[in-house]
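In: Got a sequence here, can you model it:
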Amino acid sequence: MTEIIRKLRVAAYAVIVDDDRILLSRWLGPERPRWILPGGGIDHGEDPYDAVIREVFEETGYRAEVQRLLGIQSARGPLNLDGDDLDYHRLRVLYEAKVVGGELTFEVGGSTDRAAWVPLADVPALDHVESVDAGLELYRNRPANGRPTGLG
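Out: Next up, the predicted model:
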């Protein structure tokens, strides 16, 4: 029997919507590439606000300006990563942001390989991570408690 390892990952992500499009990155996940909000892990000692600006630039080539904190998504579930069974807890800090400079480029040698503006109407059919749905829910509904409903 394989021992289950507990892992916590804290990350910051940006919801960037412009003209009925959302900016997404293609994450090279353990199962297959999937679309995700631009963002990623917060380095030790790094403020989440600074992390999301850094991550958006690394993954998309755009300079972002944070508009406001949207909320926090907490998701927990099993994950098999490199043969290890994980009880994986993801804590995501979600910000609304806008592009203020730069140009669309792709990350090389990182956890993503593409970035794209995707029409909001196309998101439901897109192979994507659940944080995209949570981020859009927070962006659209702006709940006072900053917690997406039903998306864990």
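
In: Tell me which helix or strand in this structure has the weakest average pLDDT.
Out: In the chain, no helix or strand scores lower on mean pLDDT, DSSP states H and E than strand 62-81, which sits at a mean of 92.

In: What pairs with that strand, parallel or antiparallel?
Out: Partner strands for strand 62-81, per DSSP bridges, with pairing direction: strand 84-102 (antiparallel).

In: so what's residue 97 up against?
Out: 14, 15, 16, 52, 53, 56, 64, 65, 66, 67 (CB atoms under 8 Å, 6 or more residues apart in numbering). Backbone N, C-alpha and C define where each C-beta goes, glycine included.

In: Mind telling me what element the fourth one is part of?
Out: The reference is to residue 52. Residue 52 is part of helix 48-60 when elements are defined by DSSP states H and E.

In: how close does the residue nearest the centre of the chain get to residue 121?
Out: Nearest residue to the geometric centre of the chain (CA atoms, centre = their mean): residue 37, 3.6 Å. To residue 121, residue 37 is 17 Å away according to CB to CB, to the nearest Å.
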